[in-house]
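Participant: any chance you could fold what I've pasted below:
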Amino acid sequence: MNIPKVAIKKLVKKRKGISLTDSAASSISLILEKKASKIAKYAFARAKKLGRDTILKEDIDAYRLKYGD
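Facilitator: Numbers count the residues shown, from 1 in each chain. Alright, predicted model coming up:
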């Protein structure tokens, strides 16, 4: 998985009004990828525990409730 640097730069510029270097965007990308992986792992385990083969929004929300943003 690789979150495009352009998307990260655009998001930060839009929300915070500042620019990022490519290396800063790459660092954020790595952090977001690791976080997304943890969320997906939790959501997958929760869905399986509840007898589903599909991750639902509620599985992601459950992660947020348990671990925060």
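Participant: next SSE after the helix or strand of the chain with the lowest mean pLDDT?
Facilitator: One helix or strand of the chain scores below all others by mean pLDDT, DSSP states H and E: helix 5-16, with a mean of 94. For helix 5-16, the following helix or strand on the C-terminal side (DSSP states H and E) is helix 22-49.
Participant: elements contacting that following helix?
Facilitator: helix 5-16, helix 57-67 (3 or more C-beta pairs under 8 Å, 6 or more residues apart in numbering; DSSP states H and E). Just so you know, the C-beta spots here come from the backbone N, C-alpha and C atoms, and that holds for glycine as well.
Participant: could you dump the last one to PDB, C-alpha only?
Facilitator: What follows is the C-alpha trace of helix 57-67 in PDB, where atoms were taken according to Å, rounded to 0.1, in the frame of the first residue of the first chain:
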ATOM      1  CA  LYS A  57     -18.200   0.800   9.200                       C
ATOM      2  CA  GLU A  58     -19.100  -0.300  12.700                       C
ATOM      3  CA  ASP A  59     -15.900  -2.300  12.900                       C
ATOM      4  CA  ILE A  60     -13.800   0.800  12.100                       C
ATOM      5  CA  ASP A  61     -15.900   2.900  14.600                       C
ATOM      6  CA  ALA A  62     -15.300   0.200  17.300                       C
ATOM      7  CA  TYR A  63     -11.500   0.700  16.800                       C
ATOM      8  CA  ARG A  64     -12.000   4.400  17.200                       C
ATOM      9  CA  LEU A  65     -14.000   4.000  20.400                       C
ATOM     10  CA  LYS A  66     -11.400   1.600  21.900                       C
ATOM     11  CA  TYR A  67      -8.200   3.300  20.800                       C
END
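Participant: can we start the residue count at 594 from this point?
Facilitator: In the new numbering, first residue 594, that becomes helix 650-660.
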